[in-house]
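Predicted coordinates and the sequence they were generated for:
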Amino acid sequence: TSSAAPSATVVKPKKPLKQRIKEELLHYWHGSKLLAKEVRISSKLLWHMLKGEQLTRREQRQLRRTASDLFRLVPFSVFIIVPFMELLLPVALKLFPGMLPSTFEAKEVKEEKRRKLLKVRIEMAKFLRETIDESTSAKQGNNSKAPTTELIDFFMQLRSSEASMDNNELLSIAKKFGDDLTLDNLSRPQLISMCRFMGINAFGTDNFLRYQLRNRMRQIKADDRLIAAEGVDTLTPQELVHACSSRGLRTVGVPESHLRTALSQWLDLHLEQQLPSTLLVLTYAFSLLAPVPSSAPEALQATLSSLPHELVNEAQLNMLEREGLATAKQRLDVIEEQEELIEDERERRKVSGRCK
């Protein structure tokens, strides 16, 4: 009997050192030429802006990208100016790959960054979902303090039923959870997870994290208005991927047509339906965990059913106060819940202060 020969793994031959050095130098030469061209283009755009002309979204992004690249050149130039420091340049680039301007990034590096970002986002979305589920289940046994009114009844029905809710009712309820209200009721672990999901440095106090998230949400809304005015179809494939990625939408392995549909859906929910930015980000974060991609209403329903009780109670109180129907008991319950959150934050600050 003849035994099948084991299939030999094909090892890609390594390029000669001279050729690798030549290709690397050529890569940096092309990157330098591209950076110089971007500086020339951005100088013209800056001149137009100083004359009071309105820049398009693409022109604004070009100006911001060039400014960011020039700032990155400051530490990079030290290795060129100081004698013999260029010998440490490969080590520095290995440790700090973000130090290079974007014009020097290879396509493979950009793809790898996108894959790593997706992995981080899935992990952060999973952790965020778990912490919110834990806080929700911990409060579920104590319903005596919860005001039994319209919004609470809706959430009790939402959490106890597997059936799909009416889309108009979902959108109406979702609008009550503004960015400030949602962020103020997220714990520190949840804020950190959300910052990392959005690619924001998660350092500083809880209030600073909330400030950074609010600032990012304002930037996204302003960008949404520009895209809606110019049209999703005007975006190039690279601009489309960047726009979707900055909003937390999945981009790895997704066809261009699906990305345009997803971005159009985001714009409709954010601008036309006026859903809060934070709730939208949470909705798309939780949709990353679904084994089968869910529709926007299904993802929104899953997000609403996972919101912490403190957030739901405060939203209910705000709604009743606007209608003049809030009772002293309801105000007291919400204040006590907020006091617990404040005490938790103080305890964490004390612990972190002792660790230092």
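Looks like it arrived, so ask away.

Which pLDDT value goes with Arg346?
Looking at Arg346, its pLDDT stands at 71.

Count the neighbours of it for me.
For Arg346, the number of neighbouring residues by other Cβ atoms under 10 Å comes to 10. C-betas here are computed from N, CA, C, even on glycine.

Next up, the contacts around it.
For Arg346, no residue meets the contact criterion (Cβ atoms under 8 Å, 6 or more residues apart in numbering).

Secondary structure element for it, which one?
Under the criterion of DSSP states H and E, Arg346 resides in helix 328-355.

next one: Asp180
For Asp180, the element it lies in under DSSP H and E is helix 179-184.

Next secondary structure after that helix?
helix 188-197.

what's the angle from the very next helix or strand once past that next one to helix 188-197?
Downstream of helix 188-197, the first helix or strand assigned by DSSP H and E is helix 206-230. Interaxial angle, helix 206-230 versus helix 188-197 (axes from the mean of the first three to the mean of the last three Cα atoms, to 10 degrees): 40 degrees.

on that earlier part again, what is the rounded mean pLDDT of the helix holding Asp180?
Per-residue pLDDT over helix 179-184 has a mean of 76.

can you pull the buried residues of that helix?
Buried residues in helix 179-184, counted by 16 or more other Cβ atoms under 10 Å: 179, 181-184.

likewise stretch 60-71?
Applying a neighbour-count criterion of 16+ other Cβ under 10 Å, one finds 60-63, 65-66, 69 buried in stretch 60-71.

So what touches it?
With Cβ under 8 Å, 6+ apart as the test, stretch 60-71 has contacts from 35, 38-39, 41-42, 45-46, 49, 55, 101-103, 226, 239.

Sort the residues you listed by pLDDT and name the bottom one.
For those, the pLDDT minimum is Thr103, 65.

any idea how far Phe286 is from Phe127?
To Phe127, Phe286 is 12 Å away according to Cβ to Cβ, to the nearest Å.

Those two: which is more packed in?
Phe286 (20 against 16).

got the CA coordinates for the helix or strand containing that one in PDB?
Using DSSP H and E, Phe286 maps to helix 277-287. Provided in PDB are the C-alpha atoms of helix 277-287 (Å, rounded to 0.1, in the frame of the first residue of the first chain):
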ATOM      1  CA  SER A 277     -25.500  59.900  19.300                       C
ATOM      2  CA  THR A 278     -24.500  57.900  22.400                       C
ATOM      3  CA  LEU A 279     -27.500  55.500  22.100                       C
ATOM      4  CA  LEU A 280     -26.700  55.000  18.400                       C
ATOM      5  CA  VAL A 281     -23.100  54.100  19.200                       C
ATOM      6  CA  LEU A 282     -24.300  51.600  21.800                       C
ATOM      7  CA  THR A 283     -26.700  50.200  19.300                       C
ATOM      8  CA  TYR A 284     -24.100  49.500  16.700                       C
ATOM      9  CA  ALA A 285     -21.600  48.300  19.400                       C
ATOM     10  CA  PHE A 286     -24.000  45.600  20.600                       C
ATOM     11  CA  SER A 287     -24.900  44.700  17.000                       C
END
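
Now it: average pLDDT?
Averaged over helix 277-287, pLDDT sits at 82.

what's that helix packed up against?
helix 107-140, helix 179-184, helix 188-197, helix 206-230, helix 296-305 (3 or more Cβ pairs under 8 Å, 6 or more residues apart in numbering; DSSP states H and E).

Mind giving me the packing neighbours of the shortest one?
Put plainly, it is helix 179-184. Using 3+ Cβ pairs under 8 Å, 6+ apart, the elements in contact with helix 179-184 are helix 206-230, helix 277-287, helix 309-323.

what residues go with each domain of the chain?
For the chain, automatic domain parsing gives the domain ranges 17-105, 112-338.

tell me, how many neighbours does Leu282 end up with?
29.

any idea how far it is from Asp180?
Using Cβ to Cβ, one gets 15 Å for the distance from Leu282 to Asp180.

one step back: could you dump the helices and strands packed on helix 179-184 to a markdown table with distance to Ala92?
A markdown table is the format used below for the helices and strands packed on helix 179-184 (distance: least, Cβ to Cβ, whole Å):
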| stretch | distance to Ala92 |
| --- | --- |
| helix 206-230 | 27 |
| helix 277-287 | 34 |
| helix 309-323 | 44 |
